[in-house]
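Peer 1: 3D model of this:
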Amino acid sequence: MIEDAVLVDSSVWIHYFRRRGRREVKEALADALAKGRVVTCWIVKAELLVGTHDEPGFRKLDGLLSSLVEIPIDGEVWREAARLGALLRRKGTTVPLPDLVIAAASSLAGIELWHADTHFEEMREVAPLTTRDLSSPG
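Peer 2: Numbers count the residues shown, from 1 in each chain. Just a heads-up that it's a prediction; the model follows:
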């Protein structure tokens, strides 16, 4: 695996691609991409590709995402995602399944997760998850 790798959630990629996305987020992700630190997984890729507006955009984004190292989503990741979801639900918090899978993949791989989504900070209460919250300045 890549040294100092980061798994980037779609919530950060969306800021990166938007014309009016936050400058700090764009700069942080551009720097990590330039240093070859960014990894991905199929849940993130699918979330992003679903949002493309046309086939040329789909192909261009697919090419970019396919150039990144991919974290596998196997049975162990799915089991951990289910465990996280169950623990959170018992505490009264429901988290979308894609976020549970992304958190599980990041946690099991020992990779920092960059996000702009409060669900991931909530998951830190029940999971050994290292995150960087890019949802607000600072």
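Peer 1: all helices in this structure, in order from the N-terminus.
Peer 2: Secondary structure of the chain (DSSP state H): helices located at 10-17, 23-34, 42-50, 55-66, 75-90, 97-109, 118-123.
Peer 1: buried ones in the third one?
Peer 2: Of the residues in helix 42-50, those buried under the neighbour-count criterion (16 or more other CB atoms under 10 Å) are 43, 44, 45, 47, 48, 49. No exception for glycine: its C-beta is placed from N, CA and C like everyone else's.
Peer 1: So which elements touch the lowest-mean-pLDDT helix or strand in the chain?
Peer 2: Confidence across the helices and strands of the chain bottoms out at helix 118-123, with a mean of 89, counting by mean pLDDT, DSSP states H and E. Helices and strands touching helix 118-123, by 3 or more CB pairs under 8 Å, 6 or more residues apart in numbering; DSSP states H and E, are helix 75-90, helix 97-109, strand 131-133.
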